[in-house]
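A.B. asks: give me the fold of what follows.
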Amino acid sequence: MYFAEDNLIAIRAMYRCFVLDDEKYAADIMVSFIQKVPSLTVVESSGNVFSAIDKIIQGEVDLLFLDIQMPDLSGIDVLKIIGSRCKVILTTAYPDYALEGFEYDVVDYLMKPIAFDRFLRAVEKAQRQDIPVQPDKQEEAFLMLKGDRKHKYHKVFLEDIYYIESLRNYVKFVTAKGNVISYQNLAMLSESLPSPLFFRIHRSFIISTKHLSIVEGNRANIAGTFIPIGESYKKMFFDYLERGIINR
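C.D. replies: Now for the predicted structure:
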């Protein structure tokens, strides 16, 4: 089982997409992005929230690209109505709604103007959620990481990862079986690793919530090592802890 991002092997699912945005220019850009991806198809693109809700309830939509600020109903109102009937990626120019959106289990939150590579990462995150992983088979999920030489790869099981630390152009995977240095970008990894199994709590650290034992002040203890919790990541991390999301 693999997860996709640069040197990771992609797994893709077919999705029927609805673009709900009252700004035609923004909607047209999103449609052009969708049309570039063979595993995606456009069901409809409009600012008509009622058409979107109807198609979602009828089971005609797999993935909704949802703008937040619209004249009839807000994107948050739409989330309340449709529940978990389809996957949702929020698209907006306003960052203030990010946390509220994640409370409704949205897949991702895209800030306008949206770059195509960022769009792809959000879609891959949505598709990755459909990969079946049985609780007793979690150890079978793994990454193949580029090593320090050409054609050299390290196989690292997700189950074994304690935390990941940024080392400028490289990252260090600290695992139960030793450390692995790989040419990676921490921000890209944060987007590609399955959530909430992995959580970025600092600009230099991603932790495995499976191995989280204690949170004390501004530190999280992972397998006996205290990792700092960055100020800009603190609120969302503690919100996740308080809602028990890491225990799902």
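
A.B. asks: report how many residues lie close to Asp105.
C.D. replies: By other Cβ atoms under 10 Å, the residues close to Asp105 number 14. For glycine as for every other residue, the C-beta is placed from the backbone atoms N, C-alpha and C.

A.B. asks: without its sequence neighbours, what residue ends up closest to it?
C.D. replies: Ser84 (6.8 Å; Cβ to Cβ, 6 or more residues apart in numbering).

A.B. asks: wait, the one you found sits on Val107?
C.D. replies: No: using Cβ atoms under 8 Å, Ser84 is not in contact with Val107; the gap is 11.5 Å.

A.B. asks: so between these two, which is more surrounded?
C.D. replies: Val107 (22 against 9).

A.B. asks: just want to check the distance between the closest residue to that one other than its chain neighbours and Glu216.
C.D. replies: Of all residues not flanking Val107 in the chain, Ala126 sits nearest, at 4.5 Å (Cβ to Cβ, 6+ apart). Using Cβ to Cβ, to the nearest Å, Ala126 is found at 34 Å from Glu216.

A.B. asks: of the two, which one has the most company?
C.D. replies: Neighbour count, other Cβ under 10 Å: between Ala126 and Glu216, Ala126 has more, with 21 against 9.

A.B. asks: wait, what's in contact with that one?
C.D. replies: The contact partners of Ala126, by Cβ atoms under 8 Å, 6 or more residues apart in numbering, come to Tyr15, Leu63, Lys87, Ile89, Val107, Asp108.

A.B. asks: I'd like those laid out as JSON lines, including pLDDT and secondary structure.
C.D. replies: Shown next, in JSON lines, are these (pLDDT from 0 to 100; DSSP: H, G, I helix; E, B strand; the rest coil):
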{"residue": "Tyr15", "pLDDT": "91", "secondary structure": "strand"}
{"residue": "Leu63", "pLDDT": "96", "secondary structure": "strand"}
{"residue": "Lys87", "pLDDT": "94", "secondary structure": "strand"}
{"residue": "Ile89", "pLDDT": "94", "secondary structure": "strand"}
{"residue": "Val107", "pLDDT": "87", "secondary structure": "coil"}
{"residue": "Asp108", "pLDDT": "87", "secondary structure": "strand"}
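
A.B. asks: out of the residues you listed, which is most surrounded?
C.D. replies: Among those, the one with the most neighbours (other Cβ under 10 Å) is Leu63, at 24 neighbours.

A.B. asks: close enough to count as contact, it and Ser39?
C.D. replies: No: using Cβ under 8 Å, Leu63 makes no contact with Ser39, being 10.3 Å away.

A.B. asks: overlap of the contact sets of those two?
C.D. replies: Shared contacts of Leu63 and Ser39, defined by Cβ under 8 Å, 6+ apart, comprise Tyr15.

A.B. asks: hmm, back to that, element containing the residue nearest to Val107, please.
C.D. replies: In the assignment (DSSP states H and E), Ala126 maps to helix 116-128.

A.B. asks: mind listing what's buried along that helix?
C.D. replies: Within helix 116-128, the residues scored as buried using 16 or more other Cβ atoms under 10 Å are Phe119, Leu120, Arg121, Ala122, Val123, Glu124, Lys125, Ala126, Gln127, Arg128.

A.B. asks: can you give me the buried ones in the helix or strand just after it?
C.D. replies: Next helix or strand after helix 116-128 toward the C-terminus (DSSP H and E): strand 142-146. Across strand 142-146, burial judged by 16+ other Cβ under 10 Å covers Phe142, Leu143, Leu145, Lys146.

A.B. asks: and what of stretch 191-200?
C.D. replies: Residues of stretch 191-200 classed as buried by neighbour count (16+ other Cβ under 10 Å): Glu191, Ser192, Leu193, Ser195, Leu197, Phe198, Phe199, Arg200.
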